[in-house]
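Participant: Here you go, sequence then predicted model.
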Amino acid sequence: MTEPLADIALIGLAVMGQNLILNMNDHGFVVCAFNRTTDKVKSFLANEAKGTKVIGAFSLEEMVSKLKKPRRVMLLVKAGSAVDDFIAKLVPLLSEGDIIIDGGNSEYQDTQRRSEELEKKGILFVGSGVSGGEDGARHGPSLMPGGNSKAWPHIKPIFQSICAKADGEPCCDWVGENGAGHFVKMVHNGIEYGDMQLICEAYHIMRDGLALKPEEMSKTFEEWNRGELDSFLIEITRDILKYRDAKGHLLERIRDTAGQKGTGKWTAISALDYGVPVTLIGESVFARCLSALKTERVEASSVLTGPNDIYKGDKKVFLEHLGKALYASKIISYAQGFMLLREAAKIHGWNLNYGGIALMWRGGCIIRSAFLGNIKQAFDKNPKLMNLLLDDFFAKAMKECQESVRVVVSSAVTLGIPTPAMSTALAFYDGYRTARLPANLLQAQRDYFGAHTYELLGEEGKFVHTNWTGHGGNVSASTYDA
Ligand code: 2AM
């Protein structure tokens with residue numbers, strides 16, 4: 001019996017690739033599996049894919065010959081040169097209109113470049129964010145595809161069947177042109193850093209400021225998970241806090257140094273590149289960096305002084321403030337993330353569907369939460385919304401919660417507990433709602449020492465220089481920078 005032609009080929013049989021193949025198979029698609037080390041194809045067919053419709057190939061030529069047209073080839077290989085190597089080998093074997101999808105964790109600039117290069121060769125390139133880890137890949141990931149939009153109708157049926165569903169809707173839609181899919185995935189990861197850091201700060205305050213026991217903390221997270229904070233990360237925190245092994249609570253024995261793989265850092269770098277104040281993600285990356293200085297911190301802890309106190313007020317009332325502070329900080333973090341998306345879209349000419357992005361993150365991925373449903377609604381109401389904080393629902397939430405952020409941040413400051421993410425959330429909020437910032441003084445200083453010029457209120461667009469000291473020249477500067 002001849003094998004049926006495959007709907008799609010998938011290259012890269014590490015855990016994500018294998019799980020995506022099995023997921024596609026469950027949804028009725030015939031997948032052709034390939035891997036650089038072809039022994040893995042043999043082993044996959046004989047084990048994990050045994051009894052399925054999955055077929056295998058032992059060379060790229062064989063793989064391509066087994067595909068329906070237009071051919072769809074998805075790469076799930078290590079980000080970087082492996083992707084370029086496979087693309088270079090595939091192009092001569094493919095025809096115009098065939099599709100290459102990179103589902104790895106590629107940097108969006110690489111996706112941008114590959115998309116443009118392949119367009120010239122008539123190949124439709126897609127860079128897709130895939131989130132949800134091993135389990136998501138197997139049972140429904142969040143998928144964020146972007147690139148050559150001509151590819152979308154050909155991959156849509158596969159992508160929208162295998163992805164997670166939230167309220168019956170697929171957590172996958174076309175994101176935008178070129179590197180848009182991987183950019184959105186990168187911002188998703190940055191937001192994940194922010195969400196995790198905020199939760200860690202709440203835990204730190206509960207543990208060291210309120211002296212709560214693990215079970216009490218777990219119970220608080222359980223309560224939070226029933227309300228507006230309902231999310232995957234709150235849920236797992238609840239479970240982590242109460243997890244015990246033979247030696248007791250495991251969490252308290254875990255070394256407090258965080259690792260990182262780079263996507264949070266990339267988000268912060270993009271924020272700096274594009275000039276968008278994505279401060280909460282930035283602080284979250286730095287908090288991980290500070291945590292990594294364990295040896296120095298241990299030494300400093302016996303040299304540097306600060307308060308070493310616990311909270312004296314009503315703990316129950318404080319916990320209510322803490323929940324609200326967490327929620328408000330989270331709103332600010334997402335508002336900042338969407339500001340970055342907006343700016344990048346403007347610069348790259350991407351036509352991003354912000355409500356669609358919120359829906360893609362609503363299920364399947366690490367930041368999945370009920371709250372993303374509210375973000376989707378905000379953009380559905382007004383697709384051109386300038387800032388999430390200005391939406392009625394979120395403006396009202398901030399009105400109700402901003403006082404709690406002040407209570408929590410000021411108490412943390414008094415207790416000597418660091419809350420970099422919550423503090424920056426509040427600083428951003430207060431800055432964003434301030435019509436007149438002190439940057440007038442900044443401009444005056446720049447003009448004073450560097451003749452950088454300034455504009456007068458009401459005379460925007462007209463740049464003037466003052467000779468502040470009475471000596472020196474009247475010429476404005478264009479080279480000296482500060
Ligand atoms: P391998 O099994 O042959 O190592 C995750 O590491 C996936 O990326 C694996 O399928 C791995 O193939 C593939 N991979 C990693 N580096 C690669 C490279 N330089 N060229 C091709 N495939 C690579």
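Facilitator: Right, received. Where do you want to start?

Participant: Distance of the most centrally placed residue in the chain relative to Cys200?
Facilitator: Residue closest to the average C-alpha location in the chain (Cα atoms, centre = their mean): His188, at 1.8 Å. Going from His188 to Cys200 by Cβ to Cβ, to the nearest Å gives 19 Å. Placement of C-beta: from N, CA and C, glycine included.

Participant: what's the answer for Glu61, then?
Facilitator: The gap separating Glu61 from Cys200 is 50 Å, by Cβ to Cβ.

Participant: And these two? Which one has more around it.
Facilitator: A count of neighbours by other Cβ atoms under 10 Å puts Cys200 above the other of Glu61 and Cys200, at 19 against 12.

Participant: Let me see the contact set for that one.
Facilitator: Cys200 makes contacts with Ala287, as judged by Cβ atoms under 8 Å, 6 or more residues apart in numbering.

Participant: one more time with 10 Å, if that's ok
Facilitator: Cys200 makes contact with 237, 256, 258, 284, 287-288, 291, 419, 421, according to Cβ atoms under 10 Å, 6 or more residues apart in numbering.

Participant: can you put these in CSV and add neighbour count?
Facilitator: Output for those, formatted as CSV (neighbours: other Cβ atoms under 10 Å):
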residue, neighbour count
Thr237, 23
Asp256, 11
Ala258, 17
Ser284, 30
Ala287, 21
Arg288, 19
Ser291, 17
Thr419, 28
Ala421, 31
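
Participant: same for the longest strand along the chain, what does it pack against?
Facilitator: If you go by DSSP state E, the chain has its longest strand at strand 124-131. Judged by 3 or more Cβ pairs under 10 Å, 6 or more residues apart in numbering; DSSP states H and E, strand 124-131 is in contact with strand 72-75, strand 99-102, helix 108-120, helix 133-139, strand 142-147, helix 152-162, helix 180-204, helix 354-362.

Participant: Out of those, flag the one nearest the ligand.
Facilitator: strand 72-75 (8.6 Å; Cβ to the nearest ligand atom).

Participant: in its sheet, what does the closest one sit against?
Facilitator: Here strand 72-75 is paired, per DSSP bridges, with strand 8-11 (parallel), strand 99-102 (parallel).

Participant: Next, see if that strand gets close to the ligand.
Facilitator: No: applying Cβ under 6 Å from any ligand atom, one finds strand 72-75 separated from the ligand by no less than 8.6 Å.

Participant: Could you point out the helix or strand that follows that strand?
Facilitator: helix 81-90 (DSSP states H and E).

Participant: could you give the mean pLDDT of that following helix?
Facilitator: Mean per-residue pLDDT for helix 81-90: 98.

Participant: what packs against it?
Facilitator: Using 3+ Cβ pairs under 10 Å, 6+ apart, helix 81-90 sits against strand 8-11, helix 60-65, strand 72-75, strand 99-102, helix 108-120.

Participant: change it to 8 Å
Facilitator: The helices and strands touching helix 81-90, judged by 3 or more Cβ pairs under 8 Å, 6 or more residues apart in numbering; DSSP states H and E, are helix 60-65, strand 72-75, strand 99-102, helix 108-120.

Participant: Okay, angle between it and strand 124-131 too, please.
Facilitator: 150 degrees (axes from the mean of the first three to the mean of the last three Cα atoms, to 10 degrees).

Participant: Buried residues in helix 81-90, which are they?
Facilitator: Residues of helix 81-90 classed as buried by neighbour count (16 or more other Cβ atoms under 10 Å): 83, 86-87, 90.

Participant: which residues sit against that helix?
Facilitator: Contact with helix 81-90 is made by 11, 36, 60, 64, 73, 75, 77, 100, 102, 104, 106, 110, 114, 118, as judged by Cβ under 8 Å, 6+ apart.

Participant: Equivalent analysis for stretch 106-125, please.
Facilitator: Taking Cβ under 8 Å, 6+ apart as the rule, stretch 106-125 contacts 70, 79-80, 83-84, 87, 91, 94-102, 127, 146-148, 150-151, 154, 177-183, 185-186, 266, 348.

Participant: what's the burial count for the single nearest residue of the stretch 251-400 of the chain relative to the ligand?
Facilitator: Closest residue of the stretch 251-400 of the chain to the ligand, Cβ to the nearest ligand atom: Lys261 (13.7 Å). By the criterion of other Cβ under 10 Å, Lys261 has 9 neighbours.

Participant: quick one: average pLDDT of stretch 111-121?
Facilitator: Rounded mean pLDDT across stretch 111-121 is 97.

Participant: thinking again about what came up before, now tabulate the strands paired with strand 72-75 in a markdown table and tack on mean pLDDT.
Facilitator: Shown next, in a markdown table, are those (pLDDT from 0 to 100):
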| stretch | mean pLDDT |
| --- | --- |
| strand 8-11 | 98 |
| strand 99-102 | 98 |
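
Participant: Tell me which of the ones you listed sits most buried.
Facilitator: Burial of the strands paired with strand 72-75 is given as mean neighbour count (mean count of other Cβ atoms under 10 Å); strand 99-102 ranks first at a mean of 27.

Participant: Can I get the host helix or strand of Ile236 in CSV, CA atoms only?
Facilitator: Here Ile236 sits within helix 232-242, counting by DSSP H and E. Extracted C-alpha coordinates of helix 232-242, given in CSV (Å, rounded to 0.1, in the frame of the first residue of the first chain):
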residue,chain,number,x,y,z
PHE,A,232,-1.9,29.7,35.2
LEU,A,233,1.0,31.4,37.1
ILE,A,234,-1.1,32.1,40.2
GLU,A,235,-2.4,28.6,40.1
ILE,A,236,1.0,26.9,39.9
THR,A,237,2.4,29.3,42.7
ARG,A,238,-0.5,28.1,44.9
ASP,A,239,0.7,24.5,44.3
ILE,A,240,4.4,25.2,44.6
LEU,A,241,3.9,26.9,48.0
LYS,A,242,2.3,23.9,49.5
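
Participant: Any buried residues in that helix, and which?
Facilitator: Buried residues in helix 232-242, counting neighbours by 16+ other Cβ under 10 Å, are found at 232-235, 237-238, 240-242.

Participant: Same question for stretch 358-370.
Facilitator: 358-369.

Participant: Pick out the most distant pair among those.
Facilitator: Leu359 and Ile366 (15.8 Å; Cβ to Cβ).

Participant: on that earlier part again, include distance to Gln402 when you put the helices and strands packed on helix 81-90 into TSV, please.
Facilitator: TSV is the format used below for those (distance: least, Cβ to Cβ, whole Å):
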stretch	distance to Gln402
helix 60-65	56
strand 72-75	45
strand 99-102	42
helix 108-120	34
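
Participant: which of the ones you listed is buried the deepest?
Facilitator: strand 99-102 (a mean of 27).

Participant: what about it and the ligand, touching?
Facilitator: No: applying Cβ under 6 Å from any ligand atom, one finds strand 99-102 out of contact with the ligand, separated by at least 11.7 Å.

Participant: Next up, the contacts around the closest residue to Phe232 other than its chain neighbours.
Facilitator: Nearest non-adjacent residue to Phe232, counting by Cβ to Cβ, 6 or more residues apart in numbering: Arg368, 4.9 Å away. By Cβ under 8 Å, 6+ apart, the contact set of Arg368 is 142, 164, 166, 231-232, 361-362.
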